[in-house]
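1. Pasting a predicted model and its sequence here:
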Amino acid sequence: MNEELDFVKEMFDKISPRYDFLNRLLSFRQDTFWRTQMVRAAKLTTDSRVMDVACGTCDVALEISTQLSGRVKIFGLDFSLGMLGLGRQKLLHKKNSTIELLNADALHLPFKKNKFDAVFIAFGIRNIMDRHRAIQEFHKVLKKEGRLVVLELTTPEKGFFRQIYLGYFRKILPLIGSFFSKHNNAYSYLPESVLNFPDSVSFAKIMKTSGFKQIRFKQMTFGIVTLFVGTKK
């Protein structure tokens with residue numbers, strides 16, 4: 001388990017300089033639309049207190065801040081110092097930022113119970129092997145009626161598009177990713193991790209057994225990403 005964690009951490013540190021560029025390129029810029037929908041799904045009000053787990057280079061945190069005109073306190077957490085370094089560079093260009101970045105592990109959140117109105121995690125939950133434990137951690141730090149919002153890459157379930165997608169994902173994407181990132185394993189790991197991720201119904205059940213209610217999910221862009229929302233009761 002620790003060896004796997006170290007591999008993922010090292011991988012993200014190495015690909016961090018080209019991470020944003022490759023996100024836009026490989027998703028055909030759909031990633032910006034997905035994050036917008038993710039933040040809207042939380043139905044935040046001003047003066048909310050939120051946490052962005054596996055925050056990466058702060059794209060989700062910045063989208064939250066933009067949608068709420070900066071009137072929200074955001075804590076961004078990531079175990080990759082490379083990602084956090086790039087996130088901090090982005091924040092230098094933002095005046096009066098209410099985003100605080102922390103180097104932390106999703107399985108050991110550095111916060112007390114009942115502190116947050118929402119917890120976000122985008123494209124990060126599939127990299128956590130003990131997902132049940134992580135989601136229990138998220139549940140613990142949320143206030144009553146707080147929401148967990150998960151955005152994750154998924155595999156289209158059926159149809160002709162599934163075959164096209166799998167061909168792109170298994171053959172073309174690793175070639176493009178390794179060329180630009182100069183990391184041979186990262187963009188081979190990506191399709192493997194997505195294909196091994198549970199189907200939407202199964203992941204929703206993990207959220208339910210972790211204590212969440214009113215769980216719903218929405219597939220976007222022909223099912224290549226899925227947005228999950230659950231509420232703490």
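-> Good, I have the coordinates. Numbers count the residues shown, from 1 in each chain.

2. Kindly tell me how buried H108 is, as a neighbour count.
-> 9 (other Cβ atoms under 10 Å). Any C-beta I mention is one placed from the backbone N, CA and C, and that applies to glycine too.

3. what's the longest strand in the protein?
-> For the chain, the longest strand by residue count, based on DSSP state E, is strand 142-153.

4. what about the helix or strand just after that one, average pLDDT?
-> Using DSSP states H and E, the helix or strand that directly follows strand 142-153 along the chain is helix 160-167. The average of the pLDDT scores along helix 160-167 is 88.

5. in helix 160-167, what's buried?
-> Within helix 160-167, the residues scored as buried using 16 or more other Cβ atoms under 10 Å are Y165.

6. With only the CA atoms kept, save it in CSV.
-> Provided in CSV are the C-alpha atoms of helix 160-167 (Å, rounded to 0.1, in the frame of the first residue of the first chain):
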residue,chain,number,x,y,z
PHE,A,160,-20.3,2.6,-30.3
PHE,A,161,-18.8,5.5,-28.5
ARG,A,162,-17.4,3.1,-25.8
GLN,A,163,-15.3,1.4,-28.4
ILE,A,164,-14.0,4.7,-29.8
TYR,A,165,-13.3,5.9,-26.3
LEU,A,166,-11.4,2.8,-25.2
GLY,A,167,-9.2,2.9,-28.4
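
7. what's it in contact with?
-> T155, P156, F222, G223, I224 (Cβ atoms under 8 Å, 6 or more residues apart in numbering).

8. where along this structure do the strands fall?
-> 48-53, 72-78, 99-103, 116-122, 142-153, 212-220, 225-232.

9. any idea which of the ones you listed is most buried?
-> Of all these, strand 116-122 has the most neighbours on average by mean count of other Cβ atoms under 10 Å, namely a mean of 26.

10. Direction included, what does the longest strand of the chain pair against?
-> Counting by DSSP bridges, the strands paired with strand 142-153 are strand 116-122 (parallel), strand 225-232 (antiparallel).

11. Excluding covalently adjacent residues, which one is nearest to K143?
-> Nearest residue to K143, sequence neighbours excluded (Cβ to Cβ, 6 or more residues apart in numbering): N114, at 5.1 Å.

12. which residues touch that neighbour?
-> Residues near N114 by Cβ under 8 Å, 6+ apart: V141, L142, K143, K144.

13. pLDDT wise, what is it at?
-> With respect to pLDDT, N114 scores 98.

14. Does anything pack onto the helix or strand of the chain at the bottom of the mean pLDDT ranking? Which helices or strands?
-> Of all helical and strand segments in the chain, the minimum by mean pLDDT, DSSP states H and E falls on helix 2-26, at a mean of 78. With contacts defined as 3 or more Cβ pairs under 8 Å, 6 or more residues apart in numbering; DSSP states H and E, helix 2-26 has these neighbours: helix 30-41, helix 81-91, helix 173-181, helix 186-195.
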